[in-house]
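K.L.:
Got a predicted model here, sequence first, then my questions.
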Amino acid sequence: MAGNDNDHEDHHIEVHLDRLLSDRGMTVTELAQRVGVTNVNLSVLKNGRAKAIRFTTLTRICEVLQCQPGDLLSYRKP
């Protein structure tokens, strides 16, 4: 059902933000400030609950973390 709170369970994309932040000794708060998004929005992404991400936000995250999109996201087979 569209619009359901469980929509995030219908995708198979994993977000590796925790690992990237840990590897770089950075907090979610610091990343959010440097990227220009709220802590809440970044936490939604980090916890795999995001339904979408703007390419501009993805670009800034990759710039700040000095990574590629594939370092941040991966596809998990169901």
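P.N.:
Right, received. Where do you want to start?
K.L.:
residues contacting the residue nearest to the spatial centre of the chain?
P.N.:
By C-alpha atoms, centre = their mean, the mean C-alpha position of the chain lies nearest to residue 45, the distance being 3.8 Å. The neighbourhood of residue 45, defined by C-beta atoms under 8 Å, 6 or more residues apart in numbering, consists of 15, 17, 53. Quick note: C-beta positions are derived from backbone N, CA and C, even for glycine.
K.L.:
Also residue 57?
P.N.:
Applying C-beta under 8 Å, 6+ apart to residue 57 gives the contacts 35, 37.
K.L.:
Can you read off the pLDDT for it?
P.N.:
Residue 57 is assigned a pLDDT of 97 by the prediction.
K.L.:
Next, it: phi, psi?
P.N.:
phi -70, psi -40 (degrees, to the nearest 10).
K.L.:
in the protein, which ranges drop under the pLDDT threshold?
P.N.:
1-9 (pLDDT under 70).
K.L.:
What segments of it are strands?
P.N.:
Along the chain, the segments classed as strands by DSSP state E run 13-15, 73-75.
K.L.:
The last one pairs with which strands?
P.N.:
Read that as strand 73-75. strand 13-15 (antiparallel) (DSSP bridges).
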